[in-house]
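Q: Curious how this folds, go ahead:
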Amino acid sequence: MPVHNQTRFKFTNSKLKALPANDIDSRSTDQEYTDTEISNLKLLVGKTGSKRYLVRYQIKSKKRSLTIGKFPDINVNDARSIARKHLTQVASGVDPKQERENQKLMPTLNDYFNDSYLPYIKQNKRSWKHDLQRYTDYVSKRFGNKYYDEVTALDVQRLQMDMLSGEGFTKIFAPSTCNRTLALLKTMGQQAIAWGIIEINQANKIKLLKEDNTRTRYFTVGEMKKIIQQAVKYPNPFAGRFIALLLYSGVRKMELLTAQWKHLDKGKRKLYVPMTKSGKSREIYLSDEMMKLICELPKRESNPYIFSSLITGKHISEPRWAYDVVLKKAGINRKEVCFHTCRHSVATALISSGRDLYDVMIQLGHANIASSQRYSKVSEQRQRLVGQTVSDLISF
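A: Next comes the predicted model:
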């Protein structure tokens, strides 16, 4: 471990962390240290203990220096990689500092997202609206006004921790929500590197949280019947029948919301879904009850959607208020469930009735059977029956 008067040594994260602040009585503002692996790489330690990397070089008989970033925001290996990149430019006759000054000023994270990343994903990602929502709700106000190259791994880590605890938010977020937000920042960073905007993706230094995707709360068959009974009575037929059809079919809510009349084949009693979550099309075979619910819905002129809105050319939005009312009348605690519980309940009902995972995969439109395994929880009644069967087999 170097002491204060050893100014040349091989940089390591632990050694740099141990370096003391520059003497308050020193004539120089910073104490400079040199890496023996790359002698052009320096670390400047201020009187407050702040530490920043610097690359010193000479080009066209002029001595120049270029700031890389702060320690520990940038670790030693990353600092060396950046230094090598700049020194390669110098060897080619290019002044990296002049290049930086010639480039457009570093954008803030908000500017990068709104001006560059958002237009890009609108053209290349079907679920771009989810990214927009996550960035707006969770990231923008936290550190969106920082210059992108000043966003640190610690900023990202604190965001993850605060979302988990609810600090600075109106609620506590599940690990899955935290992970989707972190994944967004990781992807944004990789694209920014590809575009030459930043050199290091700080979000990549933060690990995803462990998720438990196993669903434990589902509607029993009796609850499903009560919900459907209340749903068909709901004053708004589009909202009510939407809820009922979720329980009859197990389809994803957006597959149903975006369904159009032209996709309905009344003769063959099936609904064509042109694009699923997996990026493929599929067909949903409709029961008599499902056909009746759909065909009872009025068609709105100049609106192609089955669940049409009063706004021309738009489908209804997710009917959360209607769902709350229906569940309350069915005697179900709304806090325990969400719209996806309908999908999970259909899968669980199929498994508990004796259907296998392949049937669940087909009904729910999963790309592979592994996705269906998370829904393989069986009802308490069936578990008891299975347990009793074992007892019957071995009883004396």
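Q: Now do the SS call for residue 284.
A: The local conformation at residue 284, judged by DSSP: H, G, I helix; E, B strand; the rest coil, is strand.
Q: Tell me who's in contact with the closest residue to it other than its chain neighbours.
A: In space, and not counting its chain neighbours, residue 284 is closest to residue 271: 4.4 Å by CB to CB, 6 or more residues apart in numbering. The C-beta positions use only the backbone N, C-alpha and C, and glycine is treated the same way. Residue 271 makes contacts with 259, 263, 264, 265, 283, 284, 286, 294, as judged by CB atoms under 8 Å, 6 or more residues apart in numbering.
Q: neighbours around the fourth one, how many?
A: The number of residues packed near residue 265 is 12, by other CB atoms under 10 Å.
Q: Same question for the first one.
A: With neighbours defined by other CB under 10 Å, the count for residue 259 comes to 24.
Q: if I look at the residue lying closest to it once chain neighbours are set aside, how far off is residue 124?
A: Setting aside the residues directly before and after it, residue 259 is nearest to residue 306 in space (CB to CB, 6+ apart), at 4.8 Å. Here the criterion is CB to CB, to the nearest Å. By it, residue 306 lies 29 Å from residue 124.
Q: Am I right that residue 329 is in contact with residue 228?
A: No - contact criterion CB atoms under 8 Å: residue 329 and residue 228 do not qualify, at 11.8 Å.
Q: Compare those two and say which is more crowded by neighbours.
A: For residue 329 versus residue 228, neighbours defined as other CB under 10 Å are more numerous around residue 228 (22 against 15).
Q: low pLDDT regions in the stretch 101-250 of the chain?
A: Counting by pLDDT under 70, the ranges of the stretch 101-250 of the chain that qualify are 102-104, 212-216.
Q: just the helices in it please.
A: For the stretch 101-250 of the chain, the helices defined by DSSP state H, counting those that start in this stretch occupy 109-112, 118-124, 128-134, 140-143, 153-165, 175-194, 221-233, 237-249.
Q: Give the helix, strand or coil label for residue 54.
A: Residue 54 is classified as strand under three-state DSSP.
Q: Find the residue at the geometric middle of this structure.
A: residue 180 (1.6 Å; CA atoms, centre = their mean).
Q: give me every residue that touches the nearest residue to that residue once chain neighbours are set aside.
A: Once flanking residues are discounted, residue 180 sits nearest to residue 134: 6.2 Å by CB to CB, 6+ apart. When contacts are counted by CB under 8 Å, 6+ apart, residue 134 touches 180, 181, 184.
Q: Can I get those residues in TSV including distance to residue 89?
A: Putting the contacts of residue 134 into TSV (distance: CB to CB, whole Å) gives the following:
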residue	distance to residue 89
180	38
181	35
184	32
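Q: No further questions, thank you.
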